[in-house]
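J.: following is a predicted model, sequence given first.
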Amino acid sequence: MAQSSRVRVLHVLKSLGLGGTEKVAQLALRHLDSTRFETAVHSQLDGPRAAQIRAGGSATFVGLPLARALAAFRPQVIHLHRAGWPEPDFLRPVRDYAARNPVAVFETNVFGRPDPSPSGRVIDTHIFVSDFCARRYARHTGIQPAWPAYAMLYNPVDTDFFTAMLPQGPAFGVPVLGRISRADPGKWARLALDILPLLARSTPGFRCRIVGGVAEAEAFVLEHGLGGCVEFLPPIEVDEDLAAFYGGVSVLAHANDAGESFGLVIAEAMACGLPVVTHPSLDDRDNAQLELVDDGVTGYVARTAEEYAGAVRRLFERPDEARRMGQAGREKAVRLYRAQDIAARLGDMYLDVLARKGIVVGA
């Protein structure tokens, strides 16, 4: 297919750091069909994800105004990654570009929030990253999400890579708990700390490895004399190191008071064959972690520190059960989150909306 016949797709992000939003864009772009799509990314803020995006075959526009990136790349599809609520300043360059050019505008609505503002009308298709987000949106707005204005598409996970890196899964039978997140207090729950002394007292040889530690966690470990069994690790930038981390623990501990609108760390742990222990969120907070973790099948859902520690201890003591749950999680991840399948569906969405709007590709 000739270069000029490819659809030009620009993904727009707030930064190119190591967060899940940035990784989702990176994976989607890498696995879009390069014979049909020419891809690029715009971000005001640089970061380690930029080089990985370029290595995957996409151009990057970093640090310059979005209007200039739009003029230079001339996309036929603009794909925004944002929280979903009103952001008129963020959307203004998109609205101005759409007023002068044939374009389809998508957003990955990370938190499933409504944008009833005039600027929000520029978006043709809102993509939710979980059934939970789509259902909550419907409950809050009275709108039943339906194509082409709305879609649900899980975030992509490189399940093929993780299967190749850990074909037999993690090494079960060792009492090592893993936790990974950004080093952001908003990604933590007190539950993640309260389980540590319980496990240290009841489980011989207990170890916990934490990526994304925060000051409160470090102070808690020091105060409770847990320095000998809790290790704080630096951020992980590449999937090879991520697979090594998952391969060295027996259970993934997820605990986040804000909850998850999807839960990329959970999905990646499942892809590596790890069982996951998590907890429900309160009130109307994000709760998609319960959509990923099937209680008693791919892990456990606990509500108190004692219940949580008991679930972790059970998986430590029953490696065959942990392996079965990990394999069930891996199969679910391949079935629902495989990056190549998600990217293929996304590409079909782009082409369908372009056709509905009468936009001629290659113009």
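T.: Yep, it's here.

J.: so who does Asp158 touch?
T.: Contact analysis of Asp158 by C-beta atoms under 8 Å, 6 or more residues apart in numbering lists 27, 239, 271, 339. To be clear about C-beta, it is placed using only N, CA and C from the backbone, and glycine gets the same treatment.

J.: now, these that are in strands?
T.: Using DSSP state E, no member of those falls within strands.

J.: closest one of these to His254?
T.: Ranked by distance to His254 (C-beta to C-beta), those are led by Ala271 at 14.5 Å.

J.: among the contacts of Asp158, who's most crowded?
T.: Ala271 (28 neighbours; other C-beta atoms under 10 Å).

J.: go ahead and confirm that one touches Gly169.
T.: No - using C-beta atoms under 8 Å, Ala271 is not in contact with Gly169; the gap is 10.3 Å.

J.: shared neighbours, those two?
T.: By C-beta under 8 Å, 6+ apart, the residues touching both Ala271 and Gly169 are Arg330.

J.: can I get the contacts of Asp158 in a markdown table with pLDDT and distance to Arg113?
T.: Output for these, formatted as a markdown table (pLDDT from 0 to 100; distance: C-beta to C-beta, whole Å):
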| residue | pLDDT | distance to Arg113 |
| --- | --- | --- |
| Leu27 | 98 | 23 |
| Asp239 | 96 | 29 |
| Ala271 | 98 | 28 |
| Ala339 | 98 | 25 |
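
J.: partner strands of the helix or strand containing Val12, parallel or antiparallel?
T.: Element membership of Val12, judged by DSSP states H and E, is strand 7-13. Using DSSP bridges, the strands paired with strand 7-13 in its sheet are strand 37-43 (parallel), strand 77-82 (parallel).

J.: list the buried residues of the shortest one.
T.: Meaning strand 77-82. 77-82 (16 or more other C-beta atoms under 10 Å).

J.: between all of these, which two are separated the most?
T.: Val77 and Arg82 (15.7 Å).

J.: so the closest residue to Val129 other than its chain neighbours: helix, strand or coil?
T.: Leaving aside its chain neighbours, Val129 sits nearest to Phe262 (4.2 Å; criterion: C-beta to C-beta, 6 or more residues apart in numbering). Following DSSP: H, G, I helix; E, B strand; the rest coil, we place Phe262 in the coil state.

J.: quick one: Phe262 from Gly205, how far?
T.: 34 Å (C-beta to C-beta, to the nearest Å).

J.: Val94 too?
T.: 54 Å.

J.: ok, now Leu27?
T.: In terms of C-beta to C-beta, Leu27 sits 36 Å off from Gly205.

J.: with Ile78 instead?
T.: 52 Å.

J.: next: Tyr154.
T.: Distance from Tyr154 to Gly205, by C-beta to C-beta: 36 Å.

J.: equivalent analysis for Ala40, please.
T.: Taking C-beta to C-beta, one finds Ala40 at 50 Å from Gly205.

J.: between the two, which has more neighbouring residues?
T.: The neighbour count for Ala40 versus Gly205, taken as other C-beta under 10 Å, is higher for Ala40 (20 against 9).

J.: now the residue most central in space within the chain: closest residue in space, sequence neighbours ignored.
T.: By C-alpha atoms, centre = their mean, the mean C-alpha position of the chain lies nearest to Leu264, the distance being 3.4 Å. Distance criterion C-beta to C-beta, 6+ apart; nearest residue to Leu264, sequence neighbours excluded, is Gly20 at 4.0 Å.

J.: residues contacting that neighbour?
T.: 155, 262, 264-265.

J.: which one of those has the most neighbours?
T.: Neighbour-wise, the contacts of Gly20 (other C-beta under 10 Å) top out at Phe262, 28 neighbours.

J.: show me the contacts for that residue.
T.: Phe262 sits in contact with 20, 129-130, 133, 154-155, 288, 292, where contact means C-beta under 8 Å, 6+ apart.

J.: low pLDDT regions in this protein?
T.: 1-4, 362-363 (pLDDT under 70).

J.: who's in contact with the strand or helix carrying Arg179?
T.: Element membership of Arg179, judged by DSSP H and E, is strand 176-180. By C-beta under 8 Å, 6+ apart, the residues outside strand 176-180 that reach it are 192, 199, 206-212, 236, 242, 245-246, 248-255, 265, 269, 274, 312.

J.: ends of stretch 104-119, what's the gap?
T.: 15 Å (C-alpha to C-alpha, to the nearest Å).

J.: would you mark the buried spots in the host helix or strand of Ala99?
T.: According to DSSP H and E, Ala99 maps onto helix 88-100. Buried residues in helix 88-100, counting neighbours by 16+ other C-beta under 10 Å, are found at 91, 93-95, 97-98.
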